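**Student:** A structural model of the following input is requested.
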Amino acid sequence: MNIITQYIAYLKDNPQKYWFKRKLYGWGWTPARWQGWVVIVVFLIFVLVSALDMSARAESGEPTTAELGWFFFRILIAVIVLTVICYKTGEKPRWMWGPPKS
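**Tutor:** Residues are numbered from 1 along each chain as shown. Below you'll find the predicted structure:
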């Protein structure tokens with residue numbers, strides 16, 4: 001069984017209906033249901049809009065230290081919110097190295 005087939009089977013084996021499942025390799029989560037994918041897309045859109053806003057400010061001159069600080073603060077808050085959502089709606093994180101044995 002190749003890795004892609006194992007990965008799909010792992011994501012489909014979700015009787016608890018987790019939005020995020022543990023990654024197969026390493027530590028963290030991966031979206032397992034449509035709700036998880038919506039969270040990831042909203043996060044990426046927020047980061048992109050924040051970056052475009054910083055780009056627009058840079059076109060009118062160098063961004064100030066306060067503007068850069070505000071940009072990084074918004075990104076940090078978005079990452080924290082994403083991590084909390086993953087933790088609350090996903091499996092408990094732990095180190096994985098391949099598909100579970102059971």
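
**Student:** Okay, now the unreliable bits of the protein?
**Tutor:** By pLDDT under 70, the low-scoring segments of the chain are 1, 58-60, 102.

**Student:** helix, strand or coil for residue 62?
**Tutor:** When classified by DSSP: H, G, I helix; E, B strand; the rest coil, residue 62 comes out as coil.

**Student:** Would you mind measuring from it to residue 32?
**Tutor:** Separation of residue 62 from residue 32 (C-beta to C-beta, to the nearest Å): 43 Å. In short, each C-beta sits where N, CA and C put it, glycine included.

**Student:** These two - which one has more neighbours?
**Tutor:** Legend: neighbour count by other C-beta atoms under 10 Å for residue 62 and residue 32, higher for residue 32 (23 against 9).

**Student:** Would you check how far apart the more buried one and residue 46 are?
**Tutor:** Taking C-beta to C-beta as the measure, residue 32 falls 21 Å from residue 46.

**Student:** Please consider this matter closed, and thank you.
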